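Trainee: Got a predicted structure plus its sequence, pasted below:
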Amino acid sequence: MLLEINTKNGEIIQIPDFEEIRFSTGMSEKVFTNDFSNFSIASGYTYNVKSIDSYLSITGSEIARIQLFND
């Protein structure tokens, strides 16, 4: 799967071989893999994105939109 993150400054970050995105709510950790139906972006959270060979940490205040594409 390909994860595409659009930032508020207009940058597009593409993450091939996406595996999961994690963030902590303070009380628990949320993990999303291929179902983003309950996913929301909050400016106070840091999102940790993992693929097969890379790792990205980005804050919610930087994210405008996230899309997941099946290969």
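Mentor: Sure, I can see it.
Trainee: Pull up the pairing partners for the lowest-mean-pLDDT helix or strand in the chain, direction included.
Mentor: Lowest by mean pLDDT, DSSP states H and E among the helices and strands of the chain is strand 29-32, with a mean of 90. When sheet partners are counted by DSSP bridges, strand 29-32 sits next to strand 18-24 (antiparallel).
Trainee: Export the partner strand to PDB, keeping only CA atoms.
Mentor: Extracted C-alpha coordinates of strand 18-24, given in PDB (Å, rounded to 0.1, in the frame of the first residue of the first chain):
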ATOM      1  CA  PHE A  18       3.200   1.400   4.200                       C
ATOM      2  CA  GLU A  19       2.700  -0.900   7.200                       C
ATOM      3  CA  GLU A  20       1.100   1.200  10.000                       C
ATOM      4  CA  ILE A  21       0.600   4.600  11.600                       C
ATOM      5  CA  ARG A  22       0.700   5.000  15.400                       C
ATOM      6  CA  PHE A  23      -0.100   7.800  17.800                       C
ATOM      7  CA  SER A  24      -0.600   8.100  21.500                       C
END
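Trainee: I'd like the average pLDDT over it.
Mentor: Rounded to a whole number, the mean pLDDT of strand 18-24 is 92.
Trainee: can you list contacts of it?
Mentor: By C-beta atoms under 8 Å, 6 or more residues apart in numbering, the list of residues contacting strand 18-24 from outside reads 1-3, 29-33, 39, 45-52, 60, 66, 68. Using the backbone N, CA and C atoms, a C-beta is placed for each residue, glycine as well.
Trainee: same thing but 6 Å
Mentor: Strand 18-24 is contacted by residues 1, 3, 29-33, 45, 47-51 when judged by C-beta atoms under 6 Å, 6 or more residues apart in numbering.
Trainee: how about stretch 25-36 as CSV, C-alpha atoms only?
Mentor: Taking Å, rounded to 0.1, in the frame of the first residue of the first chain, the C-alpha atoms of stretch 25-36 are listed here in CSV:
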residue,chain,number,x,y,z
THR,A,25,-3.7,9.7,23.0
GLY,A,26,-2.1,9.9,26.4
MET,A,27,-4.2,7.1,27.8
SER,A,28,-3.6,4.6,25.0
GLU,A,29,-1.8,4.0,21.7
LYS,A,30,-3.8,3.9,18.5
VAL,A,31,-2.6,1.8,15.6
PHE,A,32,-4.0,2.0,12.0
THR,A,33,-3.0,-0.3,9.2
ASN,A,34,-5.5,-0.5,6.3
ASP,A,35,-8.7,0.8,7.8
PHE,A,36,-8.8,4.5,8.3
